[in-house]
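Asker: Fold the following for me, if possible:
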Amino acid sequence: AVATPAAGGSPRSSLGMRSYYDLRARSSLGTFRDLIRRQASADDDGTGDTVSRSYRLPSVLLRMPNTAFGMPMGLAAHAIMWRSLGRADRLDSLGGRDGVLSVGRLCWYSACVTGGTAAALYGYKIVTSFSLVRAEYLNEVRCHFFNAPNLIFIMLLLGVPDDVEVSDGALRALWGCSFCYHVILTSNIYKMWMFSKRRNFTAAKPQFLMSTVGWFLLSNLGQTARLEQTWGIGLPTLCFGAGFVLYFDLVIFIFGKLHENRGMKGSPAMFLLIAPPSVAVVSLDLMDGDDGAFPDSAEMMLGWALVLLVLLIRLGPSIYKTPSVLGEYWAYVFPLAAAATATIRYAGALNSDATVGLAAVVIVLAIAALLIVLFRMALHIYLVFKGDQQWRDPLFKIEMYHC
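Answerer: As a prediction, this is how the structure comes out:
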C-alpha cells in the first residue's frame, strides 16, 4: 500500500516530497512488473495455439517486422514493369529502349540487394528470438506477409534482365521450389482460416491477399518456363484457378466488412486489392498464347483492376502520417506496378493510341508512387536518426517498456 498525505496536508508535510514519490514510483514499478509478467504469459489465439512473449532481441531488430519485405517487393515489381515496357514495339520508333531496360536492370539489382538485406536481418531475428517470429506467424494479419520472400523470388525470376542468363531447366526447378513453399505455407494459413475465430474469411482484410497473389505469379512463371509442354500437366492453369476462387471469395468479405473498419479508408493495404487481378491479366494473356490478340477474359479482368484503382484514388491515399510499421507505405508500389504491367501488355496487343495512352497514365502513377514512397521513407529515416520519431511495431507492445 502507498501512504497518502493526511487530509488537508501535502506530500511535503506528511512524508516529505522525496519519500512520497519514492513510494509512488515503487508502486508504479510493481504495476509495470505485473503487466510485463502477464504479457510474458502465453496468450491463447483462439485456435488452441499459444503465443510466447519472451523478448530477447535488441530494440532495433524489434522494429524489423516481416512487412519490411514490401520494399524489395515493390522494386521487383518495377523491374518487371520496366522490362515489359522495354520490349514494347512502339519503343522501336520512339527510341530509348536501352534507357528503359537500364532502369529495369537498376530496379532488379536494387530488389536483390534490399531483399537479401531484409532476409539476412530477419534470419538473425529467427535465430536469436524465434518467439517473436512465432508471434507474427500466429497473428491473423502478419502471417500472410511470410509469403513476401517467395513473392519477391518469383518476381525476380519474371523480371530477370537480359544480361542474366537462366536456363529453362533451372527456371522450372526454381518454380518447383517456389510452388512447394507457397503450397506448404498457404495450406497452413488456409487451415487456420477454416477453424479460427479471428482468421476466417468473414474477418478478411486486404492483407490476406498476400497469400492469394502468389498463385497468379506462379501461373505466370510456370507459363514462362513452359511447364505444361515439358511436364505434361497444366500446373500454371491449376494455380490460376486456385488464385481466382480465393480472390473472389476474399473480395466479397473484404468489401462486406469495410463499413466496420473505417480506419482502412486511404490505407496503403487497400491497394493490395489491385495486385491479384492485375497479375491475373498477364496470366490470362499468356494462357491465350496469341501474341497478336488480347483475350476478352483478360480485358474484363483489367477493367475490374482499373475500376478499383479509380475507387482507391477517390478514397484518398494517406501518406502524411508516420508509418505504423516498417514498410507500410510500400503497399502502394507493388500493386500499381502490377497494374502498369497489365496495361503495357494490353497496349502491346491492341497497339492503339487509346491503349498506349492508358498505359502511359498508369505507368506515370506507378512511377510517382515509387518516388513519393522513397521520399517519405527517407524523411522518416531522417526523423528517426534525429530522434523525433521511432520505428515501431504495433504487434509488440512490450517495446514501450524499453524506452
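
Asker: Quick one: the helices in the stretch 101-250 of the chain, in order.
Answerer: 130-137, 148-158, 168-195, 213-224, 227-231, 235-257 (DSSP state H, counting those that start in this stretch).

Asker: Which strand or helix spans the residue nearest the centre of the chain?
Answerer: Nearest to the geometric centre of the chain sits G70, at 4.8 Å (Cα atoms, centre = their mean). Assessed by DSSP states H and E, G70 sits inside helix 70-86.

Asker: cool, and L302?
Answerer: Judged by DSSP H and E, L302 forms part of helix 296-315.

Asker: now the stretch 301-403 of the chain, which segments are flagged as low pLDDT?
Answerer: The stretch 301-403 of the chain contains residues with pLDDT under 70 at 396-403.

Asker: Can you check which of the helices of the stretch 101-250 of the chain gets nearest to S297?
Answerer: helix 235-257 (10.3 Å; Cβ to Cβ). All C-beta spots, glycine's among them, are computed from the backbone N, C-alpha and C.

Asker: Would you map the helices across the stretch 251-400 of the chain?
Answerer: Using DSSP H, counting those that start in this stretch, the helices of the stretch 251-400 of the chain run over 275-288, 296-315, 333-350, 353-386.

Asker: mean confidence score for the first one?
Answerer: When you say that, I think you mean helix 275-288. The average pLDDT for helix 275-288 rounds to 95.

Asker: which other helices and strands contact it?
Answerer: helix 213-224, helix 235-257, helix 296-315, helix 333-350 (3 or more Cβ pairs under 8 Å, 6 or more residues apart in numbering; DSSP states H and E).

Asker: Please apply the same query to the third one.
Answerer: Taking 3+ Cβ pairs under 8 Å, 6+ apart as contact, the helices and strands that helix 333-350 lies on are helix 70-86, helix 275-288, helix 296-315, helix 353-386.

Asker: what's the pLDDT at the spatially closest residue to S318 that is not a sequence neighbour?
Answerer: Of all residues not flanking S318 in the chain, G266 sits nearest, at 3.9 Å (Cβ to Cβ, 6 or more residues apart in numbering). Here, the pLDDT recorded for G266 equals 80.

Asker: Report the separation between G266 and Y329.
Answerer: As defined by Cβ to Cβ, to the nearest Å, G266 lies at a distance of 12 Å from Y329.

Asker: Looking only at neighbour counts, state which of those two leads.
Answerer: Y329 (24 against 13; other Cβ atoms under 10 Å).

Asker: close enough to count as contact, the more buried one and F375?
Answerer: No: look at Y329 against F375 with Cβ atoms under 8 Å: they stay out of range, at 10.2 Å.

Asker: got a list of what the residue nearest to S318 touches?
Answerer: Contact analysis of G266 by Cβ atoms under 8 Å, 6 or more residues apart in numbering lists L315, G316, P317, S318.

Asker: Buried among the residues you listed? Make that a PyMOL selection.
Answerer: PyMOL command restricting those to the buried ones, with burial defined by 16 or more other Cβ atoms under 10 Å:
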select buried, resi 317
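
Asker: Can you say which two of the contacts of G266 are spatially most distant?
Answerer: L315 and S318 (9.1 Å).

Asker: re the thing from before, could I get the helices of the stretch 101-250 of the chain as CSV with distance to G99, mean neighbour count and mean pLDDT?
Answerer: Formatted as CSV, the helices of the stretch 101-250 of the chain follow (distance: least, Cβ to Cβ, whole Å; neighbours: other Cβ atoms under 10 Å; pLDDT from 0 to 100):
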stretch, distance to G99, mean neighbour count, mean pLDDT
helix 130-137, 40, 18, 85
helix 148-158, 21, 23, 97
helix 168-195, 27, 15, 91
helix 213-224, 25, 26, 96
helix 227-231, 33, 15, 92
helix 235-257, 32, 18, 92
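
Asker: tell me the contacts of the residue nearest to Y181 when sequence neighbours are not counted?
Answerer: Nearest non-adjacent residue to Y181, counting by Cβ to Cβ, 6+ apart: N150, 4.9 Å away. N150 makes contact with S178, Y181, H182, L185, G214, according to Cβ under 8 Å, 6+ apart.

Asker: And N150, how close does it get to G256?
Answerer: In terms of Cβ to Cβ, N150 sits 29 Å off from G256.

Asker: again, but for C143
Answerer: For C143, the distance to G256 - Cβ to Cβ - is 21 Å.

Asker: Can you add distance to W108 and give the helices and strands packed on helix 333-350 back as CSV?
Answerer: As requested, the helices and strands packed on helix 333-350 are exported to CSV (distance: least, Cβ to Cβ, whole Å):
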stretch, distance to W108
helix 70-86, 4
helix 275-288, 17
helix 296-315, 24
helix 353-386, 14
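
Asker: Next one: the residue nearest to Y181 relative to A203, how far apart?
Answerer: The value you get for N150 to A203, if Cβ to Cβ is used, is 24 Å.

Asker: And L235, by the same measure?
Answerer: The value you get for L235 to A203, if Cβ to Cβ is used, is 31 Å.
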